[in-house]
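**Student:** My questions concern the predicted model and sequence given below.
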Amino acid sequence: MITRPYYIEILKKYRNVPLVKILAGVRRCGKSTIFEMLREDLIKDGISENHIIEMRYTSENFEDGMTHKDMYNEIKNKITDDDCYYLLLDEVQEINGWEKAINSLLESENTDIYVTGSNSKLMSSEISTYLSGRYIQIPVYTLSFAEYLDFKKSSNKTQKDLLNEYIRQGGFPITAISNFDEQSIYQIVEGIYNSVITNDITKRHNISNFDLFNRVVKYVVENVGKTFSANAIVKFLKSEGRSLSVEAVYNYLEWLEKAFVIYRCRRYDLQGKSVLKTQEKFYLADASLKYCTMGFNPKSVAAMLENIVYFELRRKGYEVYIGKNETKEIDFVAVRRDERVYVQVCRNLPEESDREIANLLEIRDHYPKYVVTIDELAAGNINGIKIVHLADFLLMSDY
């Protein structure tokens, strides 16, 4: 098993803190493996194996129905003394009312609780009612480039080759851990994609017109890294002779978000210092989700570079926005407490450099500013703007 120490360090920080640790992310992004790593880390730190309770809740295992009371009683019966028990509960959203069982265990037993989930039921409004102020959500993403290099360290490939692979093949752990060819990787990811779309969204929300829903999904996938609105999708569908309400589009986008397939990036007005509610962008949980459904197209690489940088900023704990500076756009304004980073992403320099650098130079503050590119000859500093190769940017410990 290849470890992902980033997540273990986060979980260590919250160990024995009376909060439910919720690991949430798209299917197959590695949540269950993180639990395996957590179990090993607990044992290494002297926790007895019989005080680690692991439960996996899948729809296949509970077709006859399992209530939150059944869940509570099953776990309660495994607790036989007053010492602390560590509960590792995988895919809890399959149990209706799971948060009630977790709340009871948190209040009545000496427990340290960790749960995972990969769809909208995990983050239902009931959490606010039963676990208000007593949980921390830890987002789990597919592999970072640094993790990808770790997974591939026995491959004898150069960092340049591995970066190209990462851009084209994405970072799902299940595909990175083996030496699949590109077509096989896309087939595996397509299976993950179909499982999410079918099980986590279509069935759960009783979507009757799957073809229309799927066309909306394809529109979002096609337009990763571009600003658009629900009205734009409605107009596009109308041009194809299809009819869908703006409200339905909003629902579809929300369900895709709650299944962790897409992530919404809002616009931030640098002049008015406010978050805008129009012309948002959406990014895919992994670049391979685009290529598995539409095939690899070199013309889409620029948008997927943005996709990769967006998630790297999120992994480092930043809230990420599109920057609006009067009529100019900054690809990313990343905010973390009192820190801020500005990032422009472009495929090649110098063709695109004048615009990218000029937009950044118009921002009159002292925060770091970067242009990130895959141009191998581009590196340096222009009037305080750092020109950085994508690989170097992804491997920085911080900015």
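**Tutor:** Good, I have the coordinates. The shown structure was predicted, so the numbers you read here are calculated from the model rather than taken from an experiment.
**Student:** Residues in contact with stretch 321-329: which ones?
**Tutor:** 227, 265-271, 275-276, 280-281, 330-335, 342, 359, 362-363 (Cβ atoms under 8 Å, 6 or more residues apart in numbering). All C-beta spots, glycine's among them, are computed from the backbone N, C-alpha and C.
**Student:** mind redoing it with 7 Å?
**Tutor:** Identification of contacts with stretch 321-329 by Cβ atoms under 7 Å, 6 or more residues apart in numbering yields 265-271, 275-276, 281, 330-331, 333, 342, 359, 362-363.
**Student:** Now do residue 71 against residue 132, distance only.
**Tutor:** Remark: distance between residue 71 and residue 132 (Cβ to Cβ, to the nearest Å) = 20 Å.
**Student:** neighbour-wise, which of these two wins?
**Tutor:** Between residue 71 and residue 132, residue 71 has the larger neighbour count (other Cβ atoms under 10 Å), namely 25 against 9.
**Student:** any idea which element the more buried one lies in?
**Tutor:** helix 68-76 (DSSP states H and E).
**Student:** who's in contact with whichever helix or strand comes after that helix?
**Tutor:** The helix or strand immediately downstream of helix 68-76 is strand 85-90, counting by DSSP H and E. With contact meaning Cβ under 7 Å, 6+ apart, strand 85-90 is reached by 32, 35, 38-39, 42, 47, 51-57, 75, 79, 105, 109-116.
**Student:** pLDDT of strand 85-90, averaged?
**Tutor:** Strand 85-90 carries an average pLDDT of 97.
**Student:** quick one, it and helix 68-76 angle?
**Tutor:** Going by axes from the mean of the first three to the mean of the last three Cα atoms, to 10 degrees, strand 85-90 is angled at 130 degrees with respect to helix 68-76.
**Student:** so after strand 85-90, what's the next helix or strand?
**Tutor:** helix 98-108.
**Student:** how distant is that following helix from the center of its chain?
**Tutor:** Offset of helix 98-108 from its chain centre (Cα atoms, centre = their mean, to the nearest Å): 27 Å.
**Student:** mind listing the strands in the protein by residue range?
**Tutor:** Ranges of strands in the chain, per DSSP state E, are 20-24, 52-56, 85-90, 111-117, 135-139, 262-269, 274-284, 319-325, 328-336, 339-345, 369-373, 380-382, 385-389.
**Student:** Just the CA coordinates for the longest one, please, in PDB.
**Tutor:** Output of strand 274-284 as PDB, limited to C-alpha atoms (Å, rounded to 0.1, in the frame of the first residue of the first chain):
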ATOM      1  CA  SER A 274     -17.100  40.900  -2.800                       C
ATOM      2  CA  VAL A 275     -18.000  37.500  -4.100                       C
ATOM      3  CA  LEU A 276     -20.200  37.700  -7.300                       C
ATOM      4  CA  LYS A 277     -23.100  35.400  -8.000                       C
ATOM      5  CA  THR A 278     -22.800  35.300 -11.800                       C
ATOM      6  CA  GLN A 279     -20.700  33.700 -14.400                       C
ATOM      7  CA  GLU A 280     -19.100  31.000 -12.300                       C
ATOM      8  CA  LYS A 281     -16.700  28.300 -13.500                       C
ATOM      9  CA  PHE A 282     -16.800  24.700 -12.700                       C
ATOM     10  CA  TYR A 283     -13.900  22.300 -12.400                       C
ATOM     11  CA  LEU A 284     -13.900  18.500 -12.600                       C
END
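**Student:** Export the strands of the chain to JSON lines and append columns for mean neighbour count.
**Tutor:** Formatted as JSON lines, the strands of the chain follow (neighbours: other Cβ atoms under 10 Å):
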{"stretch": "strand 20-24", "mean neighbour count": "23"}
{"stretch": "strand 52-56", "mean neighbour count": "16"}
{"stretch": "strand 85-90", "mean neighbour count": "22"}
{"stretch": "strand 111-117", "mean neighbour count": "24"}
{"stretch": "strand 135-139", "mean neighbour count": "16"}
{"stretch": "strand 262-269", "mean neighbour count": "18"}
{"stretch": "strand 274-284", "mean neighbour count": "16"}
{"stretch": "strand 319-325", "mean neighbour count": "20"}
{"stretch": "strand 328-336", "mean neighbour count": "20"}
{"stretch": "strand 339-345", "mean neighbour count": "21"}
{"stretch": "strand 369-373", "mean neighbour count": "25"}
{"stretch": "strand 380-382", "mean neighbour count": "11"}
{"stretch": "strand 385-389", "mean neighbour count": "20"}
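**Student:** For residue 196, find the nearest of those strands.
**Tutor:** strand 262-269 (10.7 Å; Cβ to Cβ).
**Student:** Buried residues, stretch 168-184. List them.
**Tutor:** 168, 169, 170, 171, 172, 173, 174, 175, 176 (16 or more other Cβ atoms under 10 Å).
**Student:** again, but for stretch 187-203
**Tutor:** The neighbour-count check on stretch 187-203 (16+ other Cβ under 10 Å) flags 188, 189, 192, 193, 196, 197, 200, 201, 202 as buried.
**Student:** wait, which of those residues is closest to residue 247?
**Tutor:** When these are compared against residue 247 (criterion: Cβ to Cβ), the nearest one is residue 201, at 16.5 Å.
**Student:** Quick check: that closest one touching residue 253?
**Tutor:** No: if you go by Cβ atoms under 7 Å, residue 201 and residue 253 don't touch, sitting 11.1 Å apart.
**Student:** Fine by me, thanks again.
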